[in-house]
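>>> coords below, sequence missing:
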């Protein structure tokens, strides 16, 4: 009876040790996943902070780009030849690298 009791207790101990090792591995995996999520959340938070802090400057830059594009379109559609360069050769006009005669 004592031998059977000892065998049962050793078997139960081995089973508990196996479960403990499995639980330890699961805990380690869960902790790593949690740390990865925390790092991802931190990175996202930093990116959002940067976007919010630079929103005004980026808005002004976009407005400046739109204004520049409108001016360029007006110059091109109005055929303003103030930007045309005349070359040294006889009556050749260069507009963006193409020779017009």
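Good, I have the coordinates. Keep in mind that this is a model prediction, so the values were computed, not measured. Numbering: from 1, shown residues only.
>>> which stretch of helix or strand covers the residue nearest to the spatial centre of the chain?
When the chain is reduced to its mean C-alpha position, the nearest residue by C-alpha atoms, centre = their mean turns out to be residue 47, at 8.2 Å. Using DSSP states H and E, residue 47 maps to helix 2-53.
>>> Could you tell me how far that helix lies from the centre of the chain?
Using C-alpha atoms, centre = their mean, to the nearest Å, the mean C-alpha position of helix 2-53 is found 30 Å from that of the whole chain.
>>> Look up how far residue 48 lies from residue 37.
Distance check for residue 37 against residue 48: by C-beta to C-beta, to the nearest Å, it reads 16 Å. The C-beta positions use only the backbone N, C-alpha and C, and glycine is treated the same way.
>>> Residue 18 now?
Distance of residue 18 to residue 48, given as C-beta to C-beta: 45 Å.
>>> Repeat that for residue 9.
Taking C-beta to C-beta as the measure, residue 9 and residue 48 are separated by 57 Å.
>>> With residue 78 instead?
Using C-beta to C-beta, we find residue 78 at a distance of 43 Å from residue 48.
>>> neighbours of residue 77, just the number please.
The local packing of residue 77 (other C-beta atoms under 10 Å) involves 8 other residues.
>>> Please renumber the chain so that the first residue is 197 from this point on.
Will do, 197 is the new start, and the previous item becomes residue 273.
>>> Need the phi and psi values for it.
Recorded main-chain torsions at residue 273 are phi -80, psi -20, according to degrees, to the nearest 10.
>>> list the contacts for it?
Taking C-beta atoms under 8 Å, 6 or more residues apart in numbering, we find residue 273 in contact with no residue.
>>> got any ranges where this protein has weak pLDDT?
In the predicted model of the chain, residues 275-297 satisfy pLDDT under 70.
>>> any idea which helix or strand carries residue 271?
Per DSSP H and E, residue 271 falls inside helix 251-273.
>>> report the angle between the axes of that helix and helix 198-249?
For helix 251-273 and helix 198-249, the angle between their directions (axes from the mean of the first three to the mean of the last three C-alpha atoms, to 10 degrees) works out to 50 degrees.
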